[in-house]
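Take this sequence and fold it.
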Amino acid sequence: MQLLHTRKTQIDCWLTDDGRYRAEGIIDDDKGVRMLTYSGKEIQPGGDLHTMRVVLVVNRSLIIESAEIEMIDVPGDECMRACASPESLVGLSVTRGYTSGLKERIGGTKGCAHVFALLQQMGAAITQAAFTDPQNREHDQLQSWQPLMNTCYTWREDGPIVTERRQQAKTLEN
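Coordinates of the predicted model:
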């Protein structure tokens, strides 16, 4: 076997001193073989083809307040023009409708497919961070599961977990 490609993604989420969430993501594509990019740039085995960094600051309502996109390693100069306008992400919720919002703002020919892929993963990571934030007691409340509904098989609307949560909520109401 011969290694052809390696993609590494890392996303770190912090609670800031002012109560916001700061997420830093890096996507790094390395090549296992020598290659020439569309621009003639030579990539040696183990070399970086794509390295992009995104920083998002998100409020407690999980709305993006600021965004930075840094194109560190790219196949050529044309990719630098694909760096989507990070300010277009401001105001976007990282929960429901996030992927469709990304598509509208930076999807397809409006941006970079690698940055798009990283941002998709960052939304999920930020949501996970918010649900584990020890200062945010919303995740302990019975209704905090509702943003998770229909996001996966376990949290499907007609499944046993959601049914149980609804029954618990009805019991508390009575």
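
Tell me the buried residues in the worst-scoring helix or strand of the chain on mean pLDDT?
Lowest on mean pLDDT, DSSP states H and E among the helices and strands of the chain sits helix 160-173, with a mean of 84. Going by neighbour count (16 or more other Cβ atoms under 10 Å), the buried part of helix 160-173 is 162, 165. (Glycine included, C-beta is placed from N, CA and C.)

for that helix, the distance to its chain's centre please.
Here the centre of helix 160-173 is set off from its chain's centre by 30 Å, with Cα atoms, centre = their mean, to the nearest Å.

Over to stretch 28-37?
Taking mean C-alpha positions (Cα atoms, centre = their mean), stretch 28-37 and its chain are 24 Å apart.

and A23, that one's in a helix?
No - secondary structure assignment (DSSP: H, G, I helix; E, B strand; the rest coil) places A23 in strand, not in a helix.

hey, what's it bridged with?
Beta bridges link A23 to C13, L56, judged by DSSP bridges.

Give me the domain ranges for the chain.
Annotated domains of the chain cover 5-134, 141-174 [automatic domain parsing].

quick one: contacts for the closest residue to V162 other than its chain neighbours?
Sequence neighbours aside, M149 is the residue nearest to V162 in space, at 5.9 Å (criterion: Cβ to Cβ, 6 or more residues apart in numbering). If you count contacts by Cβ atoms under 8 Å, 6 or more residues apart in numbering, M149 has them with 155-157, 162.

residues touching the nearest residue to Q135 once chain neighbours are set aside, list them.
Ranked by Cβ to Cβ, 6+ apart and with sequence neighbours excluded, the top spatial neighbour of Q135 is L15, at 6.5 Å. Applying Cβ under 8 Å, 6+ apart, we find L15 in contact with 21, 129, 133, 135.

before we move on, what about E70?
Taking Cβ under 8 Å, 6+ apart, we find E70 in contact with 52-54.

Done for today, thanks.
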